[in-house]
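*Asks:* Sharing a sequence plus its predicted fold:
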Amino acid sequence: MFAVKRALKLNNQEATLMAKHAGFRRVVFNMGLSLRVQMYGAGEFSDSKVINEIKKVLTNYVKKQPECTWMNQLSSRVYQNALIDLSHAFGRYRLGKAGHPKFVSRRDGQSFTVDSSNGKVLLSAGRTIKIPTLGTFRLHEPLSCSFVSQTFTLSKEGNRWFVSFCVDAQRLPMRQRESSVGIDIGVKSFATLSNNQVFDAPKPLKQAKTKLARLPKTSENQAGRVTAPSIKAGERF
């Protein structure tokens, strides 16, 4: 498994939409944490049961309040994954792998996660990406090939938003390119490489003389001399 991360090319409206979802995640996470802390005295309630109850409260009550109508305009997968993150945070705390979950603020960064409730989706190669429940967005760097994934995390770094997702596969080993070498063309040697490899220059005249010696003698001319084809330097047969 490996992760793919790309910078999104957003307009002002799309960037505002991302910021709203990040705020939605922050509100839900803090709400869930607050309710869980208040219920510490009731030992019979497990973290998972409390979080399931929080989901019901958020869906059936909180989102229906006039001051919270803005939540209905955003992806419901955001608060689902925010509570999953809270559950995992408590799980790490119970195992002694992390401290007690803390309330998050805007200073802690802006990020949120969405997923496809219908399973994995196909992401086509190209300069756009379709993110479940959010829409299709442009990419600064294209996807070089198609991918299949289900969960997507959006995060802001500096002034740019990024999308990252995991691919349940292994990267194929890439063949390393051979290192480049310099070439020096000379007289004594045809070429000398920077790795000290030498290529001898071709000797056309010597080769032509060798071929000439193997040719049968021609007939004598009227002067009694034997003539042979004239050979020019550098000529090949």
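*Replies:* Cool, the structure landed. Residues are numbered from 1 along each chain as shown.

*Asks:* Before we move on, what's the pLDDT of residue 172?
*Replies:* Turning to residue 172, the model gives it a pLDDT of 55.

*Asks:* wait, residue 213
*Replies:* Residue 213 carries a pLDDT score of 71 in this model.

*Asks:* SS state for it?
*Replies:* helix (DSSP: H, G, I helix; E, B strand; the rest coil).

*Asks:* Same question for the longest helix seen in the chain: list its buried residues.
*Replies:* What stands out as the longest helix in the chain, according to DSSP state H, is helix 12-38. Within helix 12-38, the residues that count as buried by 16 or more other C-beta atoms under 10 Å are 14, 17-18, 20-33, 35-36. Any C-beta I mention is one placed from the backbone N, CA and C, and that applies to glycine too.

*Asks:* State the mean pLDDT of the helix or strand just after it.
*Replies:* Note on helix 12-38: by DSSP states H and E, the next helix or strand toward the C-terminus is helix 47-60. Helix 47-60 carries an average pLDDT of 83.

*Asks:* Does anything pack onto whichever helix or strand comes after helix 47-60? Which helices or strands?
*Replies:* Using DSSP H and E, the next helix or strand after helix 47-60 towards the C-terminus is helix 76-94. Under the contact definition 3 or more C-beta pairs under 8 Å, 6 or more residues apart in numbering; DSSP states H and E, helix 76-94 sits against helix 12-38, helix 47-60, strand 111-115.

*Asks:* Direction included, what does the shortest one pair against?
*Replies:* Strand partners for strand 111-115, identified by DSSP bridges, are recorded as strand 151-157 (antiparallel).

*Asks:* Walk me through the regions of this structure where pLDDT falls short of the threshold, as ranges.
*Replies:* In the predicted model of the chain, residues 40-45, 169-182, 184, 186-190, 194-195, 199, 201-210, 212, 216-237 satisfy pLDDT under 70.

*Asks:* picking that back up, how far off centre is the longest helix of the chain?
*Replies:* Centroid displacement of helix 12-38 relative to its chain, using C-alpha atoms, centre = their mean, to the nearest Å, is 27 Å.

*Asks:* Could you shift the numbering so residue one becomes 15, and keep it that way?
*Replies:* In the new numbering, first residue 15, that becomes helix 26-52.

*Asks:* In terms of secondary structure, what does it contact?
*Replies:* Looks like helix 26-52 contacts helix 61-74, helix 90-108, strand 125-129, strand 165-171 (3+ C-beta pairs under 8 Å, 6+ apart).

*Asks:* Swap in 6 Å and give it another go.
*Replies:* Under the contact criterion of 3 or more C-beta pairs under 6 Å, 6 or more residues apart in numbering; DSSP states H and E, helix 26-52 touches helix 61-74, helix 90-108, strand 125-129.

*Asks:* quick one: which of these is nearest residue 23?
*Replies:* Between residue 23 and those, the tightest spacing by C-beta to C-beta is seen for strand 125-129, at 18.4 Å.

*Asks:* Send me that closest one as PDB with only the CA atoms.
*Replies:* C-alpha atoms of strand 125-129 as PDB (Å, rounded to 0.1, in the frame of the first residue of the first chain):
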ATOM      1  CA  SER A 125      -8.000  19.100   7.300                       C
ATOM      2  CA  PHE A 126     -10.900  16.700   6.900                       C
ATOM      3  CA  THR A 127     -11.600  13.300   5.500                       C
ATOM      4  CA  VAL A 128     -14.400  12.000   3.200                       C
ATOM      5  CA  ASP A 129     -15.000   8.600   1.700                       C
END
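
*Asks:* That one to helix 26-52, inter-axis angle?
*Replies:* 90 degrees (axes from the mean of the first three to the mean of the last three C-alpha atoms, to 10 degrees).

*Asks:* How far away from the center of its chain is strand 125-129?
*Replies:* With C-alpha atoms, centre = their mean, you get 18 Å for strand 125-129.
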